[in-house]
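A.B. asks: whatever this is, show me its structure:
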Amino acid sequence: MTKIGVFGANGRMGRVLIEACYEHTDVSLGFASVRDGSALAGIDAGELAGVAKQYINVCEYSKQPSDIADVIVDFTLPQALQANLDWCVQHNKPIVIGTTGLSEQLLSAIDTAAKSIPIVFAANYSVGVNLLLSLVRQTSAVMGDIADIEIVEAHHRFKKDAPSGTAMAIGEAIADELDRDLNSCAVYGREGDTGEREHQTIGFSTIRAGDIVGEHTAIFATIGERIELTHKASSRLTFANGALRAAIWLKTKPPGLYTMQNVLGLGE
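C.D. replies: From the prediction side, this is the model:
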């Protein structure tokens, strides 16, 4: 049994992670924490998540125990990540990171922390999305030189970063397969007289609406035919269960930086 510590228990993913721990047969909740001073500190974690009583009270961040959880799962905000990494390094805790929209400074901080503790860092913890990443690589190898490539993503109205981390991961996978620099060839939206499409570009389109959990499509279009690879998530439990799968896998690993491709044995 792997015991999980959940940072940001009051967030959308924090609550779903608690729910996933409750439903999973191979993990249990070790602790769930919220920011210091939160009115939610002290309530039962299960009640916070809308599931059965867990008899584990939500604790303030500064009071979270270091001896209960085997692996930490963090789907909080970028501004909290540095402190969370420091805490995990200090207490020698593996961490699964699902926070997106990270700066180059925070990406560097993850690399530094991975020299001391094992870390899984992925833009998306869905098993299906990670299979999609493998499929877009395969499609790029066959069609990438002749196809126009576009990536379309849709999320709920509350998502703060765009394009999504998953869309960027898809773009990186395609660019890497085609030996292109995504920073140079990416096009983010189009407006006005843009001229004819440059073949080497990889386009990104973003939709933010309602309660869409997450949809991603990679389009490979030539004159006469196209392939569309699409993944649609209907529940955040998809991501939470993938993160718990990563946590179980990570528990016994040495320090280093891993991805869900590593967790799933998809060849990365």
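A.B. asks: who does the helix or strand hosting Leu81 touch, helix- and strand-wise?
C.D. replies: If you go by DSSP states H and E, Leu81 is part of helix 78-90. Judged by 3 or more C-beta pairs under 8 Å, 6 or more residues apart in numbering; DSSP states H and E, the packing partners of helix 78-90 are strand 71-74, strand 95-97, helix 104-113. Placement of C-beta: from N, CA and C, glycine included.
A.B. asks: take those and write them to TSV, including distance to His155 and mean neighbour count.
C.D. replies: Shown next, in TSV, are those (distance: least, C-beta to C-beta, whole Å; neighbours: other C-beta atoms under 10 Å):
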stretch	distance to His155	mean neighbour count
strand 71-74	19	27
strand 95-97	19	27
helix 104-113	21	14
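A.B. asks: which of the ones you listed sits closest to Pro65?
C.D. replies: Closest to Pro65 of the helices and strands packed on helix 78-90, according to C-beta to C-beta: strand 71-74, at 11.6 Å.
A.B. asks: returning to what we had before: what's the average pLDDT for the helix holding Leu81?
C.D. replies: For helix 78-90, the per-residue pLDDT values average out at 97.
A.B. asks: can you list contacts of that helix?
C.D. replies: With contacts defined as C-beta atoms under 8 Å, 6 or more residues apart in numbering, helix 78-90 is touched by 7-8, 72, 74, 76, 93-95, 97, 99, 101-103, 106, 109-110, 113, 116-117.
A.B. asks: buried residues, it. List them.
C.D. replies: Across helix 78-90, burial judged by 16 or more other C-beta atoms under 10 Å covers Leu81, Asn84, Leu85, Trp87, Cys88, Val89.
A.B. asks: looking at these, spot the one nearest Leu132.
C.D. replies: Lowest distance from Leu132 to the buried residues of helix 78-90 (C-beta to C-beta) belongs to Leu81, with 25.4 Å.
A.B. asks: quick check: which element contains Ala123?
C.D. replies: In this assignment (DSSP H and E), Ala123 forms part of neither any helix nor any strand.
A.B. asks: now it: closest residue in space, sequence neighbours ignored.
C.D. replies: In space, Ala123 comes closest to Gly165 once its chain neighbours are excluded; the distance is 3.4 Å by C-beta to C-beta, 6 or more residues apart in numbering.
A.B. asks: what is the rounded mean pLDDT of the helix or strand encompassing Gln138?
C.D. replies: Here Gln138 sits within helix 127-143, counting by DSSP H and E. Mean per-residue pLDDT for helix 127-143: 95.
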